[in-house]
Every structure is written in structure tokens, then in C-alpha cells.
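In: return a 3D structure for these sequence lines:
(one chain, ligands or ions: 2)
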Amino acid sequence: MTEEAPVGWLARLRQGLSKSSSRISEGVTAIFTKKKLDAETLDELEELLIAADLGLEASAAVREAVARGRFDKEIAPEEIREALAQEIAAMLAPSATSWQPEGAPHVAMIVGVNGNGKTTTVGKLANRLSREGKKVVICAADTFRAAAVEQLAIWAGRAGCTLIRGDDKADPASVAYKALEEARVQGADVLLLDTAGRLQNQKNLMEELAKIIRVLRKLDPSAPHSVLQVLDATTGQNAHSQVAAFKEMVDVTGLIVTKLDGTAKAGVVVALAKKFGLPVHAIGVGEGVEDLRAFDAHDFARNLVGLERTGAIA
Ligand SMILES: Nc1nc2c(ncn2[C@@H]2O[C@H](COP(=O)(O)OP(=O)(O)OP(=O)(O)O)[C@@H](O)[C@H]2O)c(=O)[nH]1
Ligand SMILES: [Mg+2]
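Out: Numbering: from 1, shown residues only. Ligands and ions are numbered 1, 2, ... in the order given. Model prediction:
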């Protein structure tokens with residue numbers, strides 16, 4: 001995905017993060033208007049960050065960084081927001097790595113808990129990559145849910161790319177195999193594999209994902225080249241246990257966080273980045289094709305605390 005971020009995207013990002021940013025921004029104003037930065041106000045600030053789901057560790061680190069050089073001084077809420085944005089951006093910067101599918105066909109498995117936005121993300125990625133001139137094949141390796149295939153067919157149609165699907169209740173691994181063969185025949189750049197989010201239990205899901213990988217490796221021992229885990233930001237701290245669970249099943253190479261528009265808990269991205277050290281490749285702020293973009297630490301941090309890119313208050 002490219003890094004270009006037109007004004008339209010920044011407006012979407014701001015709008016998408018508005019629930020989270022108004023909580024943080026109003027909280028900062030309430031805490032700091034005509035008050036000194038002391039232990040008490042810092043406690044309140046830390047609580048505010050924890051409430052926005054930044055997590056204990058990140059909240060404590062941000063608190064400390066904000067206090068540095070400012071302790072016991074009267075400080076305006078705007079200055080606090082600026083300091084917050086700076087510290088959060090610095091914390092996020094190492095994780096903000098855009099996803100660059102290299103080697104053709106690059107095989108990317110999209111995994112995650114059911115309902116997190118995997119199928120939608122596959123559709124959005126397919127559209128974006130197609131528009132960049134890349135040839136994309138989509139594989140409906142979620143044969144568990146018939147509706148998922150129909151959903152993918154619509155996205156594939158929009159993106160103008162081939163969808164490989166199996167018969168109803170076909171073995172997902174065999175569909176994945178067929179899709180990789182087809183991707184090779186077509187000389188595709190990227191194969192996106194949409195997987196099921198729910199099987200009866202974690203063991204079944206693990207076996208299914210492992211089998212898909214085993215079968216893909218018969219054709220290409222280096223596949224899959226990316227395993228992207230999709231997380232739903234509205235689940236807040238639950239996202240942590242989801243990453244831990246999937247990391248046990250597959251070698252997750254990066255995260256995509258969706259539904260940031262539906263929550264005041266967008267701070268979870270900060271907590272996830274700090275805890276797992278996995279790249280956050282992209283974020284989703286809506287259901288439309290334009291609503292998924294590469295994750296930019298600076299833009300995200302400023303919009304999270306209610307500041308625009310230019311520095312003006314949003
Ligand atoms: N508001 C919002 N909705 C989203 C976003 N991403 C996905 N959705 C919606 O979330 C719902 C579930 O998305 P899916 O893509 O079907 O999720 P999934 O992970 O494929 O679900 P299963 O196939 O059941 O495991 C759909 O209604 C999507 O439109 C987002 O960034 N913002
Ligand atoms: Mg799905």
C-alpha cells in the first residue's frame with residue numbers, strides 16, 4: 001500500500017477517531033484548565049489514557065514523558081494535547097510500517113476472530129492493490145460461511161480481480177491450493193486468502209490454518225509471505241488476548257485494526273503496538289473501500305488526541 005494520504009483520508013481519519021479524540025480532548029481540558037501539572041493532575045491524565053484503552057504500560061510511559069520538564073508548571077490543555085500527540089506518535093512510529101507485498105505471487109493470509117472485518121479488509125486491500133496496478137487474486141478460504149463467499153464476490157467484482165471459491169463446505173486448504181495455482185497461471189502479484197474466524201474451537205481453527213499453510217507450501221515452500229491479523233478496535237483490551245491466541249496458531253507478521261470509527265477505545269492501537277512489537281500495517285475507519293489506509297503514527301496520534309495535522313485544534 002502506498003503512503004499517500006489525501007485530504008479526504010485525513011478527514012475520514014479525524015471523523016473516524018472522533019469518539020476517541022473527544023473523550024481524550026475533553027478530559028484534558030477538564031483536568032488542566034488553570035491547573036498545574038502536579039502528581040494529582042498527572043494521575044487524572046493517566047486514568048484518562050487508561051480509559052481510552054492505551055493500556056497500563058503505555059499510559060504510564062506517556063504520563064512520564066509528558067511530565068518531563070513540565071512538572072509543577074501551569075500548563076494549557078493545548079500544550080498537553082501537543083505533548084500527548086508527540087509522545088504517542090514516538091511510541092507508535094516503530095510499529096507503523098506499511099505493508100509491501102513483495103515477490104510474485106505474494107501470498108497473504110488474512111486471519112482473525114469472526115466478525116473482526118477480515119472479508120471487508122480483503123476487499124479493501126484488493127481494491128487498493130488493483131488501483132496501484134497490481135494483479136490480485138482473492139481466495140475464499142472461508143468455506144465455513146456461505147455468505148462470506150458472496151460478500152467476497154461483490155468485493156472482487158468491484159476490484160476487477162479473480163475470486164477462487166470452492167464448492168459449498170469444500171476443504172479450505174484445497175481451495176487455497178487451487179487459488180495459488182490460478183495466481184501463478186495469471187502471473188498475479190498478490191494472492192489474498194480470506195480465512196474463517198470461527199470454528200468450533202481454537203484447536204479446529206488451528207488445524208485448519210495449519211493445513212492451509214501446509215498445502216500452500218507444496219506449491220511454494222516460502223508461503224505464506226504475510227499473515228495479517230485483523231482486529232476489531234471496539235473489542236478494546238480483548239484484542240490483546242486475540243493476538244496472543246493467534247500468535248500461538250500461526251506466525252502473525254502484522255496487524256490491521258478495523259472499526260476505529262465505532263469506538264472511544266482507539267487507544268488500543270497504542271497498547272497493541274507497545275505490547276506485541278508487531279507492525280500495524282493499516283487501520284480501518286469505516287465500511288467503505290476508501291476507509292482503510294496505511295497506518296501513519298503522526299496522523300493517528302494527532303487525531304487521537306483531537307489535533308489536526310497542522311497543529312490547529314480539531
Ligand atoms: N464501522 C466499520 N465497520 C467495519 C469496518 N471493517 C469492517 N466493518 C464491518 O464489520 C462487519 C463484519 O465484517 P466482515 O468483513 O464480514 O468480518 P469477518 O472477520 O470477515 O467476519 P467472519 O467472516 O464472520 O469471521 C461488516 O458489517 C463490515 O462492514 C470498519 O473499519 N468500520
Ligand atoms: Mg469473513
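In: from now on I want contacts and neighbour counts done on CA atoms only, so please keep to that.
Out: OK.
In: check whether residue 109 sits in a helix, strand or coil.
Out: When classified by DSSP: H, G, I helix; E, B strand; the rest coil, residue 109 comes out as strand.
In: what about it, neighbour count?
Out: For residue 109, the tally of surrounding residues (other Cα atoms under 10 Å) stands at 27.
In: what about it, distance to residue 152?
Out: In this structure, residue 109 lies at 15 Å from residue 152, with Cα to Cα, to the nearest Å as the measure.
In: identify the residues contacting the closest residue to residue 217 other than its chain neighbours.
Out: Nearest residue to residue 217, sequence neighbours excluded (Cα to Cα, 6 or more residues apart in numbering): residue 223, at 5.7 Å. With Cα atoms under 8 Å, 6 or more residues apart in numbering as the criterion, the residues that contact residue 223 are 106, 107, 213, 216, 217.
In: tell me the helix or strand right after the helix-or-strand element of the chain with minimal mean pLDDT.
Out: Least confident helix or strand, the chain: helix 7-16 with a mean of 84, by mean pLDDT, DSSP states H and E. Proceeding C-terminally, helix 7-16 gives way to helix 18-32 as the next helix or strand, assigned by DSSP states H and E.
In: where does the protein have low pLDDT?
Out: Judged by pLDDT under 70, the chain has its weakly predicted residues at 1-7, 199-200, 308-314.
In: quick one: the helices in it?
Out: With DSSP state H as the criterion, the chain has helices at 7-16, 18-32, 39-51, 56-67, 77-92, 118-131, 146-159, 172-186, 202-219, 238-249, 268-276, 297-304.
In: enumerate the residues of the stretch 151-300 of the chain near ligand 1.
Out: Counting by Cα under 6 Å from any ligand atom, the residues of the stretch 151-300 of the chain lying close to ligand 1 are 196, 197, 258, 259, 261, 262, 284, 285, 286, 287.
In: what is the most widely separated pair among those residues?
Out: 196 and 261 (23.8 Å; Cα to Cα).
In: residue 272: what's it in contact with?
Out: Under the criterion of Cα under 8 Å, 6+ apart, the neighbours of residue 272 are 239, 240.
In: how near is it to residue 43?
Out: Look at residue 272 and residue 43: by Cα to Cα, they are 22 Å apart.
In: repeat that for residue 27.
Out: Remark: distance between residue 27 and residue 43 (Cα to Cα) = 12 Å.
In: ok, now residue 85?
Out: In terms of Cα to Cα, residue 85 sits 18 Å off from residue 43.
In: higher neighbour count, those two?
Out: The residue with more neighbours, out of residue 85 and residue 43, is residue 85; 25 against 15, by other Cα under 10 Å.
In: sorry, back to before: residue 54: which of the contacts of residue 223 is nearest?
Out: Nearest to residue 54 among the contacts of residue 223 is residue 107, at 32.2 Å by Cα to Cα.
In: identify the residues contacting the closest one.
Out: For residue 107, counting by Cα under 8 Å, 6+ apart, the contacting residues are 180, 190, 191, 192, 193, 223, 224, 225, 226.
In: equivalent analysis for residue 239, please.
Out: Contacts of residue 239 were listed using Cα under 8 Å, 6+ apart, and they are 231, 232, 233, 268, 272.
In: hmm, 10 Å instead?
Out: By Cα atoms under 10 Å, 6 or more residues apart in numbering, the contact set of residue 239 is 112-113, 116, 230-233, 245, 257, 268-269, 271-272.
In: and for residue 52?
Out: 19-21, 23-24, 46, 59, 236, 263-268, 304.
In: thinking again about what came up before, list only those of the contacts of residue 223 flagged as buried.
Out: By neighbour count, with 16 or more other Cα atoms under 10 Å, the contacts of residue 223 hold 106, 107, 213, 216 as buried.
In: related to what we said a few turns ago, winner for burial among the helices of the chain?
Out: When these are scored by mean count of other Cα atoms under 10 Å, the highest mean neighbour count falls to helix 297-304 (a mean of 25).
In: what is that helix packed up against?
Out: The elements that helix 297-304 packs onto, with contact taken as 3 or more Cα pairs under 10 Å, 6 or more residues apart in numbering; DSSP states H and E, are helix 7-16, helix 18-32, helix 77-92, helix 268-276.
In: dump the first one to PDB, restricted to CA.
Out: So that's helix 7-16. Output for helix 7-16, consisting of C-alpha atoms alone and laid out as PDB, is shown next (Å, rounded to 0.1, in the frame of the first residue of the first chain):
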ATOM      1  CA  VAL A   7      -7.100  15.300   2.400                       C
ATOM      2  CA  GLY A   8     -10.100  13.000   2.100                       C
ATOM      3  CA  TRP A   9      -8.400  10.400   4.100                       C
ATOM      4  CA  LEU A  10      -7.400  12.800   6.900                       C
ATOM      5  CA  ALA A  11     -10.900  14.000   7.200                       C
ATOM      6  CA  ARG A  12     -12.100  10.400   7.400                       C
ATOM      7  CA  LEU A  13      -9.400   9.600  10.000                       C
ATOM      8  CA  ARG A  14     -10.400  12.600  12.100                       C
ATOM      9  CA  GLN A  15     -14.100  11.800  11.800                       C
ATOM     10  CA  GLY A  16     -13.400   8.100  12.500                       C
END
